[in-house]
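Asker: Give me the fold of what follows.
(one chain, ligands or ions: 1)
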Amino acid sequence: MTSRLPSRRLILSQSAAVIGAASAGLLLPQTVRAQSGKVRVGFMLPYTGTFAQLGVAIENGFRLALEQQGGKLGGREIEYFKVDDESDPSKGVENASKLVQRDKVDVLVGTVHSGVQMGIQKVARDSGVLSLIPNAGVHAATRSLCAPNVFRTSFSNSQPTRALGKAMYDRGAKTAVWITWKYAAGDEAFEGFKEGYLAAGGKIIKELGLPFPNVEFQALLTEIAALNPDAVACFFAGGGAAKFIRDYAAAGLKGKIPLYGSGFLTEGVLAAAGPAADGIITTMHYSDSLDTPRNKAFRLAYATAYRSQPDVYAVQGYDTGLLLIHGANAVKGDFNSKPALYKAMESAVIDSPRGKWTMSKSHNPIQDIYLRQVENKENKVIGVAAKAMADSGAGCKMG
Ligand code: PHB
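Answerer: Down below sits the predicted model:
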């Protein structure tokens, strides 16, 4: 029940010392506040840099889900707080601490970049704040470092690519070069790709990489031309993905060496990439063209609200909103009822534009992975690459 007690003001200092303590791993547990007044929701997302558009799409999707439910959580009004995490892992703990210690959010929604997520994960585990991951796929968050208060609504980094290798092999690609940004998201996407492609019979002749968010692809594209594999597979996202697609075509590789990828390659970038993107085949837990009433209604509502087309990031933000609504309703807005809140979220069936999905024991979506091909600035579904795919959750002791 929603308590009518006057809210107890927190005595925590908001000084830089708190942030310092947080960075040193000395976070105090969240003080239990009376559950009256507004629910405090904190967005920690990239609003600048190569992932800026991803952050905006996630926030838009989340707000749309809440607005469609009358703008309340379990009957309570919402107050939003925002931090631009700049996709900078070195500021991850400090930025998450700002939301938790200074703004005293009830729930932290974030983020996109796997390295930054590790900072959030530390703060979430130390403070106990409810942490909803609307994108970053870093394995540890729902494997060795899993936690009862951390839920992911997106994917684990190896989930989309595990189904890619077989699709490539079946299309005649017996040899491949892999290329990515060298950080957790790219490395773990490679893990999934490697597993599926080798099992299908493929041979990986070279792994190429460059540091995030570097976009100087030229030397690597020259190397790919020299290696002349049957196909190229990759992980890139956001602004960097649009540039990679254009540079790949400009280097004369399009039409000669088919380009495949984890579906992020072609999400939210098709207008910027133009015809250079046509024909690219990817695997992903969503597609614009899913022909379901649920997806169509979502796309129309999003386009009407934001005058832009939604992508997978918008869907993930939307589903984060749906999951939170489900939990908040189950406890009538009392975020202190943690066991009941977590239990409701664990057993939720999310009726998503991507199709219905459920939570694994380690709090990661169990979901279908679609095979898509870019046609006319759209990711068109050409098959289902994997049904009800779950992450292994290896090392997670929950459940
Ligand atoms: C990540 O860093 O986990 C990440 C970033 C962007 C994506 C997917 C994963 O599109």
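Asker: who in the stretch 51-200 of the chain is up against the ligand?
Answerer: Proximity of the stretch 51-200 of the chain to the ligand (CB under 6 Å from any ligand atom) is limited to residues 112, 113, 114, 135, 136, 137, 138, 157, 185. In this view, the C-beta of every residue, glycine as well, is placed from N, C-alpha and C.
Asker: now do the stretch 251-399 of the chain
Answerer: Proximity of the stretch 251-399 of the chain to the ligand, by CB under 6 Å from any ligand atom, involves residues residue 264.
Asker: Just to be sure, residue 59 is in a helix?
Answerer: Yes: the assignment for residue 59 by DSSP: H, G, I helix; E, B strand; the rest coil puts it in a helix.
Asker: center of this protein, which residue is that?
Answerer: The centroid of the chain falls nearest to residue 135 when counting by CA atoms, centre = their mean (1.1 Å).
Asker: Can you tell me the SS state at it?
Answerer: Per three-state DSSP, the secondary structure class of residue 135 is coil.
Asker: Tell me who's in contact with it.
Answerer: Residues in contact with residue 135 (CB atoms under 8 Å, 6 or more residues apart in numbering) are 54, 58, 111, 112, 154, 313, 316.
Asker: hmm, 6 Å instead?
Answerer: For residue 135, the contacting residues are 112, 154, 316, by CB atoms under 6 Å, 6 or more residues apart in numbering.
Asker: ok, which stretches of the stretch 1-150 of the chain are strands?
Answerer: Shown for the stretch 1-150 of the chain, the strands assigned by DSSP state E, counting those that start in this stretch span residues 39-45, 78-84, 107-109, 130-133, 150-152.
Asker: now the ones you listed as JSON lines including distance to residue 94 and mean neighbour count?
Answerer: Formatted as JSON lines, those follow (distance: least, CB to CB, whole Å; neighbours: other CB atoms under 10 Å):
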{"stretch": "strand 39-45", "distance to residue 94": "11", "mean neighbour count": "25"}
{"stretch": "strand 78-84", "distance to residue 94": "9", "mean neighbour count": "17"}
{"stretch": "strand 107-109", "distance to residue 94": "14", "mean neighbour count": "27"}
{"stretch": "strand 130-133", "distance to residue 94": "16", "mean neighbour count": "27"}
{"stretch": "strand 150-152", "distance to residue 94": "19", "mean neighbour count": "27"}
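Asker: As CSV, those with distance to residue 253 would be great.
Answerer: Formatted as CSV, the strands of the stretch 1-150 of the chain follow (distance: least, CB to CB, whole Å):
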stretch, distance to residue 253
strand 39-45, 33
strand 78-84, 35
strand 107-109, 38
strand 130-133, 34
strand 150-152, 34
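Asker: Dump these to a markdown table, plus distance to residue 69 and mean pLDDT.
Answerer: Formatted as a markdown table, the strands of the stretch 1-150 of the chain follow (distance: least, CB to CB, whole Å; pLDDT from 0 to 100):
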| stretch | distance to residue 69 | mean pLDDT |
| --- | --- | --- |
| strand 39-45 | 13 | 98 |
| strand 78-84 | 10 | 98 |
| strand 107-109 | 15 | 98 |
| strand 130-133 | 16 | 98 |
| strand 150-152 | 18 | 98 |
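Asker: and the residues of the stretch 51-200 of the chain next to the ligand, which two are the farthest apart?
Answerer: Greatest spatial distance in these: 112 and 157, 12.3 Å, computed using CB to CB.
Asker: Just want to know which of the two has more residues nearby.
Answerer: Neighbour count, other CB atoms under 10 Å: between residue 112 and residue 157, residue 112 has more, with 31 against 25.
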